[in-house]
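**Q** The following comprises the amino acid sequence and a computationally predicted model.
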Amino acid sequence: EPEVTQTPSHQVTQMGQEVILRCVPISNHLYFYWYRQILGQKVEFLVSFYNNEISEKSEIFDDQFSVERPDGSNFTLKIRSTKLEDSAMYFCASSLAALLYFGPGTRLTVT
Amino acid sequence: AQTVTQSQPEMSVQEAETVTLSCTYDTSESDYYLFWYKQPPSRQMILVIRQEAYKQQNATENRFSVNFQKAAKSFSLKISDSQLGDAAMYFCAYRSFQTSGSRLTFGEGTQLTVNP
């Protein structure tokens, strides 16, 4: 069964550094998403992406964040100048219709 | 904006018993999807069950079933014959039917403990 993959599984970075989280969505899916889950809290929507542009973003998704689909298969989330409060689990998801398929997540630790 | 509320931060159940997790939501839409996701310690998000609002029949997946009350905006999950592997965080989620690619909105989650 096709699945969403994410790399790396765990990323440790220093405050102020830039990180890029990578995702490979399911190949025939059209919609792509990033979600964030701070430890012990609920899963929060960051952004959705369709037809090579952002279709929706939350108030969390400020200028510090950007997304890109550079090559037709990868879907990336860039976080510029990371802050301690960016430490969280970041989930990528993709969908074709009703169901969202989630990747296993990238645990980001900002020190 | 839609909101999802899970009023039970923690629940526990004895192995082989039945437990019900509660979820309520707020929306002005008439067509939407509702989901329950399970998140074990690995933190992978696993779909448990889904319900389309236009369907009156409650969804069932093996030991998992829902009680969908559209007028009351309630969507509870019943787990029958609970197993140790059911221990996890459970999230209720809402998704609009009207907009393709719409976001999933999650509740706060319920941590389920299964006692042997």
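**A** In hand now; what should we look at? Values in this document were obtained by computation on a predicted structure and should not be read as measured data.

**Q** how many other residues sit next to residue 13?
**A** In the absence of a named chain, this looks at chain A. Neighbours of A:T13 under the rule other C-beta atoms under 10 Å in any protein chain shown: 16. (Each C-beta comes from the backbone N, C-alpha and C, glycine too.)

**Q** that's the wrong chain, I wanted chain B
**A** B:V13: 19 neighbours (other C-beta under 10 Å).

**Q** Then B:V114?
**A** 20.

**Q** partners of it in the sheet?
**A** On the basis of DSSP bridges, B:V114 is bridged to B:V13.

**Q** same deal with B:F64?
**A** Beta-bridge pairing for B:F64 (DSSP bridges): B:E61, B:I79.

**Q** again, but for A:E56
**A** A:S48.

**Q** Which stretches in the chain count as strands?
**A** Just so you know, I chose chain A. Along chain A, the segments classed as strands by DSSP state E run A:5-7, A:10-13, A:19-24, A:31-37, A:44-50, A:53-57, A:65-68, A:75-79, A:88-95, A:100-102, A:106-110.

**Q** could you do chain B instead?
**A** B:3-5, B:10-14, B:19-21, B:24-26, B:32-39, B:46-52, B:60-61, B:64-69, B:74-79, B:88-96, B:104-106, B:110-115.

**Q** Against which helices or strands is the first one packed?
**A** In this structure, strand B:3-5 makes packing contacts with strand B:24-26, strand B:88-96, strand B:104-106, judged by 3 or more C-beta pairs under 8 Å, 6 or more residues apart in numbering or on different chains; DSSP states H and E.

**Q** In that strand, which residues are buried?
**A** B:V4 (16 or more other C-beta atoms under 10 Å in any protein chain shown).

**Q** got the contact list for A:H29?
**A** By C-beta atoms under 8 Å, 6 or more residues apart in numbering or on different chains, the contact set of A:H29 is A:94-96, A:101.
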